[in-house]
Every structure is written in structure tokens, then in C-alpha cells.
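Predicted model and sequence follow; I will ask about them next.
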Amino acid sequence: MTPADRRILLVEDDRFLRRAAEASLKRKGFIVRAAVDGEEALRMAAAEPFDLILLDLILPKLPGFEVLRCLKGQRHTASVPVIVLSNLGQDDDVQQATALGALSYFIKANLSLDELARHIDEALQKASG
């Protein structure tokens, strides 16, 4: 599958980061939809299929941990890989996200947009077998 066949849900409330990540991923050929809060993310994930979800943890309306819990608890989204992108870097946060089903966890400040695209490619390759 080419990136153009891959749909990504980007859940990020920071406008600058959201726009930069969205533009970068679109340039790499991905189809990107963006949600600005946890409730919108769950609505979008229920309404259309995604191949991967990029999830911030500090979100308005519904925290990222709760979004992750809901995504992994619903039949139609349980198998969708979730990569957490957060500025929360405590071991407890990483362990909680992993326990809830996150495929991987990255600290935003330590990750370039090119590295993010590479991690997405790797995750999608793993998911497709």
C-alpha cells in the first residue's frame, strides 16, 4: 500500500503543531484528518476508517488517556494502531499509554516531522503484516 492509501487521524489541540504535522504528512502522501479535542477524535474515529491514529494526551473535552481507552475498547477501532505524541515524559505516562494499547510513545519536543513520518511508515508496515 502506498502512503496515499493510508488514512491518518491526527489528534492535536495545538494549532501550530497540528498544521505542521498535517502539512508534512500530506506532503509524504498520507490522507490526514485532524481533530482538535478528544470528543471530536472519537466521533471521527467512529465515522470513518483510519489506518493509524496520532494522539496527544493533553486535550480539551476528553483527555488522551480516556480517548485511547475508548478507542481500544470499541470493536471497530480496537485494532487501529495508536502512536502517542505528548510532552508528558514521565515513565508512569508512558507505561499507562502502553498498558492502554498504544503502539508507541514519543515526546513531541524530541521528534522531528521526518522522524514521525518514518515511525508512521514502520507502524503501518507492522500493522499490514
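On my side now, so go ahead. Numbers count the residues shown, from 1 in each chain.

The residue positioned nearest the centre of the chain in helix, strand or coil?
In the chain, the residue lying closest to the centroid (C-alpha atoms, centre = their mean) is Leu54, at 1.0 Å. Of the three states, Leu54 takes strand according to DSSP: H, G, I helix; E, B strand; the rest coil.

OK, contacts around the closest residue to it other than its chain neighbours?
Once flanking residues are discounted, Leu54 sits nearest to Leu10: 4.8 Å by C-beta to C-beta, 6 or more residues apart in numbering. In this view, the C-beta of every residue, glycine as well, is placed from N, C-alpha and C. Neighbouring residues of Leu10 by C-beta atoms under 8 Å, 6 or more residues apart in numbering: Arg18, Ala21, Glu22, Leu25, Val32, Arg33, Ala34, Ala35, Leu54.

ok, now with 10 Å
Neighbouring residues of Leu10 by C-beta atoms under 10 Å, 6 or more residues apart in numbering: 17-19, 21-22, 25, 30, 32-36, 41, 50, 52-56, 85.

So which of those residues are in strands?
Of the contacts of Leu10, the ones assigned to strands by DSSP state E are Val32, Arg33, Ala34, Ala35, Leu52, Ile53, Leu54, Leu55, Leu85.
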